[in-house]
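In: task: produce atomic coordinates for the following.
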Amino acid sequence: MNFYGLTDQGKLRRQNQDFLFASDVEVGGLPDLFVVADGMGGHNAGEVASEYAVDAFVDRLRTKGMQEAAAAMADAVAFANDAVYEKAGEDADKAGMGTTMVAAVLTENHLTVMNVGDSRLYFLDSSSIRQISRDHSVVEELIRRGALSEEDAEFHRDRHKITRAVGAEPDVNPDFFDLDLSGRPDEAILLCTDGLTNEVSDRELFSIIEGEGTLKEKVHSLIDTANSRRGADNITALLIFPFADSDEVEM
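Out: Modelled structure (predicted):
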């Protein structure tokens, strides 16, 4: 397994409220763990929320040691939600803070994905890119109901509003997805925040990742491309080639 992750403040934000965690060794009872979070809230509350939630999530997994990925992540995200919600209640400056979270565990060739909010997980191979997670956002809900087209969604005034977040409410409702991989070296997994996907289209993501370069160069290219547009938000990209033997990865 080869992976590389990077988070960047972007060009317009005064602080970075994104946070990532990546491990290809055991975390509690799980064989590996990859997490990306995008905090929200005034002052430095978003920065606090994302790091605090991911730390609580990982610590819970290590403490409980559960081996079934979906059950373990469901338990851990509920624990993280309680931790962030309680912390927000202790400080008026942090009231209402929360964070998106997308997480993945690869067990042999089976990928288990959890998400809350609009940070995303994509699966890629040499022929295509596919979003596996599902955005919890106002715009996505309108698209699913047929009330808004994909084209109009890009310019909708509520395109940045999410409908679920870790820590924003007393309870959290994550979605889970399962994907079986073939084990080919061209298969890749991308976890990212909306600071990337708001600036770089899925087609461009695919073009960068399937192009030439090392794993690290591909991730830097994703970040640089987002910043070359507006760079309006924090940008995080975590790219994994589960079955590649080298970071000189080509699709």
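In: would you say residue 118 is within a strand?
Out: No. Counting by DSSP: H, G, I helix; E, B strand; the rest coil, residue 118 is located in no strand; its state is coil.
In: ok, it - contacts?
Out: If you count contacts by C-beta atoms under 8 Å, 6 or more residues apart in numbering, residue 118 has them with 38, 100, 135-137, 140, 162, 194. All C-beta spots, glycine's among them, are computed from the backbone N, C-alpha and C.
In: from those, which land in strands?
Out: In this view, the contacts of residue 118 that belong to strands under DSSP state E are 38, 100.
In: list just the nearest of the contacts of residue 118 to residue 11.
Out: Taking C-beta to C-beta as the measure, residue 11 lies nearest residue 194 of the contacts of residue 118, at 15.2 Å.
In: the closest one touches residue 119, doesn't it?
Out: Yes. Judged on C-beta atoms under 8 Å, residue 194 makes contact with residue 119 at a distance of 6.8 Å.
In: which two of the contacts of residue 118 have the greatest separation?
Out: Spatial extent of the contacts of residue 118 (C-beta to C-beta) is set by the pair 38 and 140 at 15.2 Å.
In: neighbour count winner among these two?
Out: residue 38 (30 against 17; other C-beta atoms under 10 Å).
In: you'd agree that one is up against residue 119?
Out: Yes. At 5.2 Å, residue 38 counts as touching residue 119 under the criterion of C-beta under 8 Å.
In: give me the common contacts of the two.
Out: With C-beta under 8 Å, 6+ apart, residue 38 and residue 119 have common neighbours 100, 193-194, 236.
In: okay, these in CSV with distance to residue 80, neighbour count and pLDDT next?
Out: Converted to CSV, the shared contacts of residue 38 and residue 119 look like this (distance: C-beta to C-beta, whole Å; neighbours: other C-beta atoms under 10 Å; pLDDT from 0 to 100):
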residue, distance to residue 80, neighbour count, pLDDT
100, 12, 28, 97
193, 17, 30, 97
194, 20, 23, 95
236, 18, 29, 98
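In: helices - which of those residues land there?
Out: The helices, defined by DSSP state H, take in residue 194 from the shared contacts of residue 38 and residue 119.
In: who's residue 36 bridged to?
Out: Assessed by DSSP bridges, residue 36 has beta-bridge partners residue 20, residue 102.
In: please tell me how far it sits from residue 10.
Out: 15 Å (C-beta to C-beta, to the nearest Å).
In: which of those two has more neighbours?
Out: residue 36 (30 against 21).
In: look up how far residue 181 lies from the more buried one.
Out: 19 Å.
In: quick one: the strands in the stretch 51-200 of the chain?
Out: Using DSSP state E, counting those that start in this stretch, the strands of the stretch 51-200 of the chain run over 98-107, 110-116, 120-124, 129-131, 175-180, 188-192.
In: wait, which of the ones you listed is closest to residue 242?
Out: Once those are compared by C-beta to C-beta, strand 98-107 is nearest, at 5.6 Å.
In: and that closest one, what other elements does it pack with?
Out: strand 33-40, helix 45-64, helix 69-89, strand 110-116, strand 120-124, strand 188-192 (3 or more C-beta pairs under 8 Å, 6 or more residues apart in numbering; DSSP states H and E).
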